[in-house]
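A.B. asks: Below are the sequence and a predicted model; questions follow.
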Amino acid sequence: MDARYDYIIVGAGSAGCVLANRLSESGEHRVLLLESGGPDSNRWIHIPIGFGKVMFDREVNWMFETEPEARMHGRNIKIPRGRVLGGSSSINGLIYIRGQREDYDDWRALGNPGWGFDDCLPYFKKSEHQTRGADAWHGTDGPLCVSDVKDKHPLADAFVAAGEALGIRRNPDFNGASQEGLGYFQGTARNGRRCSAAVGYLHPAMKRPNLTVVTHAHTSRILTQGTRATGVAYTHAGAMQQAYADREVIVAAGAIQSPQLLQLSGIGPGELLQRHGIDVVKALPGVGRNLQDHLQSRIIWRCTEPVTVNDDLMSLRRKIGIGLKYALSRSGPLSWYAGLAGGFARTRSELDRPDVQFHFFPYSTDRVDPSLHRFSGFTMSVCKLRPESRGTVEIKSRDPAAAPAIAPNFLEREADVATMLDGLKLVRKLAATPALARWISAEYDPGPECASDDQLVDFIRNKAMTVYHPAGTCMMGSDENAVVDQALKVHGMQSLRVVDASVMPVVTSGNTNAPVIMIAEKAADMILGKRA
């Protein structure tokens, strides 16, 4: 294996797959892509509803957990991250959400010129193959297929009608002129099969002789000479190996492991590094700071009619029917995303844009066990789109195989508590409309006895989970806590960039996969010296 490359990319997740494709596209550059996990051959990866299985499968998932969360009754909350080609785009719920215009304009206002919404929209369009066709907001020539589910469901239709009864409009496109409203989600799928970053970007590129992809290769350290990144050390087939980059090392390991790798390599908070006996290459206090994630709280109802996926899986005849429907037409529950429908709303009328996101599921589970309930049930969830609480990611030792300490500090800010509380109340208002109430026999969790504000807040602290959108731990900017500049180059280092969700100064308003792919598309142009 040639140990010298032009570019070395660490991590074959959403960003890494995009970069591997774009940087190798011309055939002029030698590119090495390293992935700790294996190939994306698990069949459940490619069946959309299979996210419920791979989300808890250690073969393709790092299965991280937080430290005990003080404001969440001391719970250790699961933080799944993809450990497979495609990374988290191979195990996520497929939902395609870009966020709000203001998210990106805020990035620009925080000292990141070139990252306003008008700067980013061309890269969203470049990445996208929108099955509805091209328009001012969407493209059709990109590798990432974005499509509708083929099915409608009476409960999802009732959810959308419930929103209209409360004055929340029906929205057929959350990634168009306005995000606000309720409707069916689009997802990253092609003909009823997952279109991960690996499927869309990496697999076609792997035919190129100038791209080398090494799986089961865990990067332990960025090699440096002074403050210049020269390559990486990684373990593969039981041996430590090294590879060298003539142009750049690009860290694309995600919001948990990118800061971890930087810290292991001597780039990060000086006191933390010294505590673990790591020589300081560049003291950057912001590495591992600014962790943000979306916290989700769910309410479950018993349904009056046996129309839920719970019912489907309790009947052998219906299970066979689901399988046949998917095999013959790539439709039915096996083709659904994590949240068949959902949307965005304001918890207070005076707000100028949505502050919460809903997901609607025509099934129910306690989530501790991914199996579904043995009764007719459905679920609505709510999360605050722009949490104010901030957390950290820190190494626990010098061991590259050891998980870092992940401390999101959920509900650290009272404003987050207040919005989650208002969001749950809004979910209950939706359930009380005639459109949805006819489908409800009883509220199962938390139940009608959970009525006061204090009881609802306690329910949130006891049951709420992450929506798996960690971001911000190598934030882009120019202040003392910034890790990368607007070109995503690590401050004070040469030939080193970070490209993934960790560079977000503020997490976007919604699911984060589409924004990460956009970031990588834009980064590729910057790396290659194209206009970006």
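C.D. replies: Structure received.

A.B. asks: residues contacting Gly270?
C.D. replies: 280, 283, 285 (C-beta atoms under 8 Å, 6 or more residues apart in numbering). Bear in mind the C-beta positions are built from the backbone N, C-alpha and C, glycine included.

A.B. asks: check contacts around the second one.
C.D. replies: Taking C-beta under 8 Å, 6+ apart as the definition of contact, the neighbours of Ala283 are 268-270, 273.

A.B. asks: repeat that with 7 Å
C.D. replies: Gly270 (C-beta atoms under 7 Å, 6 or more residues apart in numbering).

A.B. asks: Would you state the strands of the stretch 251-400 of the chain in chain order?
C.D. replies: All strands of the stretch 251-400 of the chain, identified by DSSP state E, counting those that start in this stretch, fall at 267-268, 282-283, 295-303, 341-345, 356-361, 377-384, 392-394.

A.B. asks: tell me how far the second one is from the chain's mean position?
C.D. replies: From the chain centre to the centre of strand 282-283 is a distance of 29 Å (C-alpha atoms, centre = their mean, to the nearest Å).

A.B. asks: how about the strands in the stretch 101-250 of the chain?
C.D. replies: 128-130, 144-148, 181-184, 186-187, 189-190, 193-194, 211-214, 217-225, 228-236, 239-251.

A.B. asks: hang on, I meant the stretch 401-532 of the chain
C.D. replies: Under DSSP E, counting those that start in this stretch, the stretch 401-532 of the chain gives strands at 405-407, 440-445, 465-466, 496-498.

A.B. asks: now, of those, which is deepest in the fold?
C.D. replies: The highest average neighbour count among those, using mean count of other C-beta atoms under 10 Å, belongs to strand 496-498 at a mean of 27.

A.B. asks: Include mean neighbour count and distance to Asp500 when you put the strands of the stretch 101-250 of the chain into CSV, please.
C.D. replies: Shown next, in CSV, are those (neighbours: other C-beta atoms under 10 Å; distance: least, C-beta to C-beta, whole Å):
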stretch, mean neighbour count, distance to Asp500
strand 128-130, 23, 19
strand 144-148, 22, 16
strand 181-184, 22, 29
strand 186-187, 26, 21
strand 189-190, 21, 22
strand 193-194, 24, 20
strand 211-214, 20, 18
strand 217-225, 19, 14
strand 228-236, 20, 16
strand 239-251, 19, 8
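
A.B. asks: immediately after the lowest-mean-pLDDT helix or strand in the chain, which helix or strand?
C.D. replies: Lowest by mean pLDDT, DSSP states H and E among the helices and strands of the chain is helix 51-54, with a mean of 90. For helix 51-54, the following helix or strand on the C-terminal side (DSSP states H and E) is strand 64-65.

A.B. asks: and that next one, what does it pack onto?
C.D. replies: Under the contact criterion of 3 or more C-beta pairs under 7 Å, 6 or more residues apart in numbering; DSSP states H and E, strand 64-65 touches strand 78-79.

A.B. asks: Quickly run through the sheet partners of the strand it packs on, with directions.
C.D. replies: strand 64-65 (antiparallel) (DSSP bridges).

A.B. asks: circling back to that earlier point, would you format the contacts of Gly270 as a markdown table with pLDDT and distance to Ala158 included?
C.D. replies: Formatted as a markdown table, the contacts of Gly270 follow (pLDDT from 0 to 100; distance: C-beta to C-beta, whole Å):
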| residue | pLDDT | distance to Ala158 |
| --- | --- | --- |
| Val280 | 98 | 58 |
| Ala283 | 98 | 56 |
| Pro285 | 98 | 50 |
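
A.B. asks: Check the residues you listed against Val146 and report the nearest one.
C.D. replies: Val146 has its nearest neighbour among those in Pro285, at 38.4 Å by C-beta to C-beta.

A.B. asks: Fine by me, we can end here.
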